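Chemist: Only the shape, not the letters, is given here:
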(Lines give C-alpha, C1' and ligand atoms only; values in the text may rest on other atoms or scores of the structure.)
Protein backbone atom coordinates (compact mmCIF):
# COMPACT_ATOMS: atom_id res chain seq x y z
CA UNK A 1 0.00 0.00 0.00
CA UNK A 2 1.47 3.34 -1.06
CA UNK A 3 1.96 6.16 1.49
CA UNK A 4 -0.74 8.20 -0.26
CA UNK A 5 -3.34 5.44 -0.03
CA UNK A 6 -2.32 4.69 3.55
CA UNK A 7 -2.77 8.36 4.40
CA UNK A 8 -6.25 8.39 2.84
CA UNK A 9 -7.35 5.36 4.84
CA UNK A 10 -5.90 6.63 8.13
CA UNK A 11 -7.58 10.02 7.67
CA UNK A 12 -10.82 8.19 6.91
CA UNK A 13 -10.40 6.23 10.14
CA UNK A 14 -10.20 9.38 12.23
CA UNK A 15 -13.22 10.90 10.48
CA UNK A 16 -15.13 7.65 10.99
CA UNK A 17 -14.46 7.58 14.73
CA UNK A 18 -15.47 11.22 15.10
CA UNK A 19 -18.81 10.82 13.34
CA UNK A 20 -19.58 7.74 15.41
CA UNK A 21 -19.04 9.79 18.56
CA UNK A 22 -21.43 12.43 17.23
CA UNK A 23 -23.99 9.72 16.39
CA UNK A 24 -23.72 8.29 19.90
CA UNK A 25 -24.89 11.66 21.30
CA UNK A 26 -28.33 11.19 19.67
CA UNK A 27 -30.19 8.39 21.47
CA UNK A 28 -33.61 6.86 21.10
CA UNK A 29 -34.25 8.23 17.62
CA UNK A 30 -32.22 5.84 15.49
CA UNK A 31 -34.27 5.58 12.29
CA UNK A 32 -35.11 9.28 12.15
CA UNK A 33 -31.52 10.35 12.81
CA UNK A 34 -30.18 8.00 10.14
CA UNK A 35 -32.71 9.38 7.66
CA UNK A 36 -31.79 12.95 8.61
CA UNK A 37 -28.04 12.62 8.12
CA UNK A 38 -28.26 10.47 4.99
CA UNK A 39 -30.77 12.93 3.56
CA UNK A 40 -28.49 15.88 4.27
CA UNK A 41 -25.52 13.99 2.81
CA UNK A 42 -27.54 13.28 -0.35
CA UNK A 43 -28.42 16.97 -0.67
CA UNK A 44 -24.77 17.99 -0.25
CA UNK A 45 -23.59 15.43 -2.82
CA UNK A 46 -26.33 16.08 -5.40
CA UNK A 47 -24.71 19.17 -7.04
CA UNK A 48 -21.43 17.27 -7.43
CA UNK A 49 -23.18 14.30 -9.03
CA UNK A 50 -25.12 16.57 -11.39
CA UNK A 51 -21.91 18.32 -12.40
CA UNK A 52 -20.18 14.99 -13.11
CA UNK A 53 -23.04 13.96 -15.39
CA UNK A 54 -23.59 17.32 -17.14
CA UNK A 55 -19.89 17.81 -17.77
CA UNK A 56 -19.67 14.42 -19.45
CA UNK A 57 -16.96 13.24 -17.06
CA UNK A 58 -19.04 10.17 -16.22
CA UNK A 59 -22.20 8.51 -17.50
CA UNK A 60 -25.29 7.28 -15.69
CA UNK A 61 -26.38 3.69 -16.38
CA UNK A 62 -28.89 1.14 -15.13
CA UNK A 63 -26.06 -1.03 -13.82
CA UNK A 64 -24.79 1.92 -11.78
CA UNK A 65 -28.29 2.49 -10.40
CA UNK A 66 -28.75 -1.18 -9.57
CA UNK A 67 -25.40 -1.33 -7.78
CA UNK A 68 -26.23 1.83 -5.86
CA UNK A 69 -29.64 0.45 -4.77
CA UNK A 70 -28.08 -2.73 -3.36
CA UNK A 71 -25.37 -0.67 -1.67
CA UNK A 72 -28.08 1.56 -0.19
CA UNK A 73 -29.85 -1.45 1.32
CA UNK A 74 -26.63 -2.63 2.96
CA UNK A 75 -25.87 0.85 4.27
CA UNK A 76 -29.39 1.34 5.64
CA UNK A 77 -29.15 -1.95 7.52
CA UNK A 78 -25.73 -0.95 8.85
CA UNK A 79 -26.73 2.59 9.86
CA UNK A 80 -29.98 1.63 11.61
CA UNK A 81 -28.28 -1.26 13.42
CA UNK A 82 -25.41 1.00 14.46
CA UNK A 83 -27.70 3.65 15.91
CA UNK A 84 -29.80 1.00 17.68
CA UNK A 85 -26.66 -0.62 19.06
CA UNK A 86 -25.51 2.69 20.51
CA UNK A 87 -28.93 3.08 22.15
CA UNK A 88 -28.75 -0.30 23.88
CA UNK A 89 -25.08 -0.99 24.65
CA UNK A 90 -21.78 0.78 25.47
CA UNK A 91 -20.03 2.37 22.52
CA UNK A 92 -16.72 1.01 23.88
CA UNK A 93 -18.01 -2.54 23.29
CA UNK A 94 -20.19 -2.09 20.19
CA UNK A 95 -17.66 -0.06 18.21
CA UNK A 96 -14.53 -2.28 18.57
CA UNK A 97 -16.58 -5.46 18.14
CA UNK A 98 -18.23 -4.25 14.94
CA UNK A 99 -15.00 -2.95 13.47
CA UNK A 100 -13.16 -6.16 14.37
CA UNK A 101 -15.81 -8.62 13.18
CA UNK A 102 -16.19 -6.96 9.76
CA UNK A 103 -12.73 -7.93 8.42
CA UNK A 104 -13.08 -11.50 9.72
CA UNK A 105 -16.40 -12.00 7.94
CA UNK A 106 -14.87 -10.52 4.80
CA UNK A 107 -12.09 -13.13 4.91
CA UNK A 108 -14.54 -16.00 5.52
CA UNK A 109 -16.71 -14.99 2.57
CA UNK A 110 -13.65 -14.55 0.37
CA UNK A 111 -12.47 -18.07 1.26
CA UNK A 112 -15.84 -19.83 0.94
CA UNK A 113 -17.29 -18.06 -2.09
CA UNK A 114 -14.55 -16.15 -3.90
CA UNK A 115 -11.89 -18.85 -3.89
CA UNK A 116 -9.34 -16.85 -1.92
CA UNK A 117 -6.95 -18.64 0.44
CA UNK A 118 -5.62 -16.63 3.39
CA UNK A 119 -1.94 -16.87 4.17
CA UNK A 120 -0.79 -18.03 7.63
CA UNK A 121 -0.41 -14.40 8.86
CA UNK A 122 -3.97 -13.64 7.74
CA UNK A 123 -5.36 -16.70 9.52
CA UNK A 124 -3.42 -15.87 12.69
CA UNK A 125 -4.58 -12.27 12.42
CA UNK A 126 -8.22 -13.35 12.39
CA UNK A 127 -7.76 -15.20 15.69
CA UNK A 128 -5.84 -12.26 17.16
CA UNK A 129 -8.76 -9.97 16.28
CA UNK A 130 -11.14 -12.29 18.11
CA UNK A 131 -8.81 -12.32 21.10
CA UNK A 132 -8.70 -8.52 21.07
CA UNK A 133 -12.49 -8.32 21.05
CA UNK A 134 -12.56 -10.65 24.07
CA UNK A 135 -10.13 -8.38 25.91
CA UNK A 136 -12.24 -5.31 25.11
CA UNK A 137 -15.32 -6.92 26.63
CA UNK A 138 -13.66 -8.17 29.83
CA UNK A 139 -15.31 -6.73 32.94
CA UNK A 140 -13.14 -7.29 36.02
CA UNK A 141 -15.02 -8.28 39.15
CA UNK A 142 -15.03 -5.73 41.91
CA UNK A 143 -13.89 -6.53 45.39
CA UNK A 144 -16.81 -7.14 47.68
CA UNK A 145 -16.96 -6.06 51.30
CA UNK A 146 -19.95 -6.76 53.50
CA UNK A 147 -23.33 -8.20 52.66
CA UNK A 148 -24.87 -5.00 51.26
CA UNK A 149 -21.77 -4.18 49.24
CA UNK A 150 -21.67 -7.74 47.96
CA UNK A 151 -25.25 -7.54 46.80
CA UNK A 152 -24.67 -4.20 45.08
CA UNK A 153 -21.53 -5.62 43.45
CA UNK A 154 -23.45 -8.58 42.09
CA UNK A 155 -26.18 -6.35 40.70
CA UNK A 156 -23.68 -3.98 39.15
CA UNK A 157 -21.68 -6.82 37.65
CA UNK A 158 -24.79 -8.54 36.31
CA UNK A 159 -26.04 -5.35 34.67
CA UNK A 160 -22.64 -4.70 33.14
CA UNK A 161 -22.34 -8.26 31.88
CA UNK A 162 -25.79 -7.94 30.31
CA UNK A 163 -24.68 -4.72 28.63
CA UNK A 164 -21.55 -6.41 27.33
CA UNK A 165 -23.62 -9.27 25.92
CA UNK A 166 -25.86 -6.81 24.11
CA UNK A 167 -22.79 -4.97 22.86
CA UNK A 168 -21.33 -8.18 21.44
CA UNK A 169 -24.59 -9.09 19.72
CA UNK A 170 -25.07 -5.65 18.19
CA UNK A 171 -21.40 -5.46 17.24
CA UNK A 172 -21.58 -8.83 15.48
CA UNK A 173 -24.67 -7.79 13.52
CA UNK A 174 -23.13 -4.45 12.55
CA UNK A 175 -19.89 -6.19 11.55
CA UNK A 176 -21.88 -8.44 9.21
CA UNK A 177 -23.31 -5.42 7.43
CA UNK A 178 -19.87 -3.79 7.31
CA UNK A 179 -18.49 -6.83 5.49
CA UNK A 180 -21.50 -6.85 3.13
CA UNK A 181 -21.24 -3.26 1.98
CA UNK A 182 -17.42 -3.37 1.89
CA UNK A 183 -17.32 -6.36 -0.46
CA UNK A 184 -20.13 -5.05 -2.66
CA UNK A 185 -18.81 -1.50 -2.91
CA UNK A 186 -15.32 -2.77 -3.69
CA UNK A 187 -16.76 -4.77 -6.58
CA UNK A 188 -18.86 -1.82 -7.77
CA UNK A 189 -16.09 0.79 -7.90
CA UNK A 190 -13.76 -1.63 -9.66
CA UNK A 191 -16.13 -3.34 -12.11
CA UNK A 192 -19.29 -1.25 -12.56
CA UNK A 193 -18.14 2.39 -12.38
CA UNK A 194 -14.86 4.24 -12.28
CA UNK A 195 -16.31 7.14 -10.28
CA UNK A 196 -16.61 6.48 -6.52
CA UNK A 197 -18.01 9.98 -6.10
CA UNK A 198 -20.90 9.49 -8.54
CA UNK A 199 -21.55 5.98 -7.24
CA UNK A 200 -21.71 7.13 -3.63
CA UNK A 201 -23.85 10.17 -4.47
CA UNK A 202 -26.42 7.95 -6.22
CA UNK A 203 -26.27 5.47 -3.33
CA UNK A 204 -26.92 8.23 -0.78
CA UNK A 205 -29.87 9.47 -2.83
CA UNK A 206 -31.26 5.91 -2.82
CA UNK A 207 -30.78 5.63 0.94
CA UNK A 208 -32.58 8.92 1.57
CA UNK A 209 -35.45 8.01 -0.79
CA UNK A 210 -35.97 4.54 0.66
CA UNK A 211 -35.89 5.74 4.25
CA UNK A 212 -38.18 8.69 3.51
CA UNK A 213 -40.71 6.23 2.07
CA UNK A 214 -40.22 4.03 5.12
CA UNK A 215 -40.98 6.80 7.59
CA UNK A 216 -44.35 7.21 5.85
CA UNK A 217 -45.28 3.56 5.28
CA UNK A 218 -43.71 1.62 8.18
CA UNK A 219 -45.92 1.29 11.31
CA UNK A 220 -44.99 3.88 13.91
CA UNK A 221 -44.29 6.50 11.30
CA UNK A 222 -45.97 9.29 13.26
CA UNK A 223 -43.53 8.85 16.12
CA UNK A 224 -40.58 8.74 13.75
CA UNK A 225 -41.74 11.89 12.02
CA UNK A 226 -41.94 13.61 15.40
CA UNK A 227 -38.41 12.38 16.16
CA UNK A 228 -37.25 13.70 12.79
CA UNK A 229 -38.63 17.16 13.59
CA UNK A 230 -36.99 17.18 17.01
CA UNK A 231 -33.64 16.17 15.47
CA UNK A 232 -33.78 19.07 13.03
CA UNK A 233 -34.57 21.40 15.94
CA UNK A 234 -32.36 20.08 18.72
CA UNK A 235 -29.49 18.07 17.23
CA UNK A 236 -28.20 20.31 14.45
CA UNK A 237 -24.55 19.98 15.43
CA UNK A 238 -24.59 16.17 15.51
CA UNK A 239 -26.62 16.05 12.30
CA UNK A 240 -24.25 18.27 10.33
CA UNK A 241 -21.16 16.55 11.77
CA UNK A 242 -22.32 13.09 10.74
CA UNK A 243 -23.71 14.25 7.37
CA UNK A 244 -20.28 15.65 6.45
CA UNK A 245 -17.80 13.27 8.10
CA UNK A 246 -19.61 10.02 7.27
CA UNK A 247 -19.57 10.45 3.46
CA UNK A 248 -16.08 11.99 3.60
CA UNK A 249 -14.71 8.99 5.48
CA UNK A 250 -16.28 6.46 3.15
CA UNK A 251 -15.47 8.29 -0.06
CA UNK A 252 -11.81 8.21 0.93
CA UNK A 253 -12.14 4.45 1.45
CA UNK A 254 -13.79 3.99 -1.95
CA UNK A 255 -10.97 5.86 -3.66
CA UNK A 256 -8.44 3.77 -1.72
CA UNK A 257 -10.15 0.53 -2.80
CA UNK A 258 -9.58 1.51 -6.42
CA UNK A 259 -5.84 1.71 -5.76
CA UNK A 260 -5.22 -1.10 -3.29
CA UNK A 261 -6.73 -4.54 -2.52
CA UNK A 262 -9.76 -4.52 -0.25
CA UNK A 263 -7.97 -7.07 1.95
CA UNK A 264 -5.53 -4.28 2.82
CA UNK A 265 -7.88 -1.30 2.90
CA UNK A 266 -10.54 -2.94 5.09
CA UNK A 267 -8.16 -3.89 7.92
CA UNK A 268 -6.20 -0.62 7.94
CA UNK A 269 -9.35 1.50 8.23
CA UNK A 270 -10.10 -0.30 11.50
CA UNK A 271 -7.45 1.82 13.21
CA UNK A 272 -10.51 3.93 14.00
CA UNK A 273 -11.04 1.48 16.87
CA UNK A 274 -8.25 3.16 18.83
CA UNK A 275 -9.70 6.65 18.32
CA UNK A 276 -13.24 5.49 19.08
CA UNK A 277 -12.24 3.68 22.27
CA UNK A 278 -10.34 6.68 23.63
CA UNK A 279 -13.17 9.06 22.81
CA UNK A 280 -15.75 6.75 24.41
CA UNK A 281 -13.71 6.89 27.64
CA UNK A 282 -13.13 10.64 27.47
CA UNK A 283 -16.59 11.84 26.43
CA UNK A 284 -18.92 9.20 27.89
CA UNK A 285 -16.95 8.08 30.93
CA UNK A 286 -16.98 4.42 29.89
CA UNK A 287 -14.93 2.42 32.38
CA UNK A 288 -12.04 -0.03 32.16
CA UNK A 289 -10.19 2.10 29.62
CA UNK A 290 -6.99 0.15 30.24
CA UNK A 291 -8.56 -3.16 29.25
CA UNK A 292 -10.48 -1.66 26.36
CA UNK A 293 -7.46 0.14 24.98
CA UNK A 294 -5.34 -2.98 25.35
CA UNK A 295 -7.99 -4.98 23.51
CA UNK A 296 -8.23 -2.33 20.83
CA UNK A 297 -4.47 -2.45 20.29
CA UNK A 298 -4.65 -6.24 20.02
CA UNK A 299 -7.44 -5.91 17.44
CA UNK A 300 -5.33 -3.50 15.40
CA UNK A 301 -2.36 -5.87 15.67
CA UNK A 302 -4.54 -8.67 14.36
CA UNK A 303 -5.83 -6.73 11.39
CA UNK A 304 -2.25 -5.62 10.78
CA UNK A 305 -1.29 -9.29 10.41
CA UNK A 306 -4.23 -9.72 8.04
CA UNK A 307 -2.97 -6.82 5.96
CA UNK A 308 0.62 -8.06 5.93
CA UNK A 309 -0.52 -11.51 4.89
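Modeler: Happy to help now that I have it. This one's a predicted model, so the numbers in the text were calculated from it and none came from an experiment. Numbering: from 1, shown residues only.

Chemist: got any ranges where the stretch 101-250 of the chain has weak pLDDT?
Modeler: Low-confidence segments of the stretch 101-250 of the chain, defined by pLDDT under 70, span residues 116, 137-162.

Chemist: Do you have the helices of it handy? List them.
Modeler: 120-136, 147-191, 196-217, 221-234, 236-259 (DSSP state H, counting those that start in this stretch).

Chemist: can you list contacts of the first one?
Modeler: So the one you mean is helix 120-136. With contacts defined as C-beta atoms under 8 Å, 6 or more residues apart in numbering, helix 120-136 is touched by 92-93, 96-97, 100-101, 103-104, 107, 118, 168, 171, 263, 267, 277, 291-292, 294-309. Every residue, glycine included, has its C-beta placed from N, CA and C.

Chemist: Okay, and which of the residues you listed map to helices?
Modeler: 92-93, 96-97, 100-101, 103-104, 107, 168, 171, 263, 267, 277, 291-292, 294-308 (DSSP state H).

Chemist: Next, count neighbours for residue 97.
Modeler: Here the count is done by other C-beta atoms under 10 Å, and residue 97 has 30 residues near it.

Chemist: List just the one of the helices of the stretch 101-250 of the chain that sits closest to residue 14.
Modeler: With respect to residue 14, and counting by C-beta to C-beta, the nearest of these is helix 236-259 at 8.3 Å.

Chemist: so what secondary structure elements neighbour that closest one?
Modeler: Counting contacts by 3 or more C-beta pairs under 8 Å, 6 or more residues apart in numbering; DSSP states H and E, helix 236-259 packs against helix 3-24, helix 30-54, helix 147-191, helix 196-217, helix 262-268.

Chemist: CSV for those, including distance to residue 60?
Modeler: Formatted as CSV, the entries for the helices and strands packed on helix 236-259 read as follows, by distance: least, C-beta to C-beta, whole Å:
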stretch, distance to residue 60
helix 3-24, 26
helix 30-54, 6
helix 147-191, 14
helix 196-217, 8
helix 262-268, 25
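
Chemist: neighbours around the residue lying closest to residue 88 once chain neighbours are set aside, how many?
Modeler: Here the nearest residue to residue 88 in space, its sequence neighbours aside, is residue 166; by C-beta to C-beta, 6 or more residues apart in numbering that works out to 5.4 Å. Other residues within reach of residue 166, judged by other C-beta under 10 Å, total 16.

Chemist: Distance check, residue 166 against residue 111.
Modeler: Distance of residue 166 to residue 111, computed by C-beta to C-beta, to the nearest Å: 30 Å.

Chemist: Same question for residue 130.
Modeler: Here the distance between residue 130 and residue 111 works out to 16 Å (C-beta to C-beta).

Chemist: Now do the contacts for the residue nearest to residue 36 when sequence neighbours are not counted.
Modeler: Closest residue to residue 36 in three dimensions, ignoring its sequence neighbours and counting by C-beta to C-beta, 6+ apart: residue 231, at 5.0 Å. Shown here is residue 231, whose contacts under the criterion C-beta under 8 Å, 6+ apart are 26, 29, 32, 33, 36, 239.

Chemist: Quick check: residue 231 vs residue 42, distance?
Modeler: 16 Å.

Chemist: Please apply the same query to residue 186.
Modeler: Residue 186 is 22 Å from residue 42, where distance means C-beta to C-beta.

Chemist: between the two, who's got more neighbours?
Modeler: Using other C-beta under 10 Å, the more surrounded residue of residue 186 and residue 42 is residue 42, with 23 against 20.

Chemist: so that one touches residue 204, yeah?
Modeler: Yes: counting by C-beta atoms under 8 Å, residue 42 sits close enough to residue 204 to count as a contact (4.2 Å).
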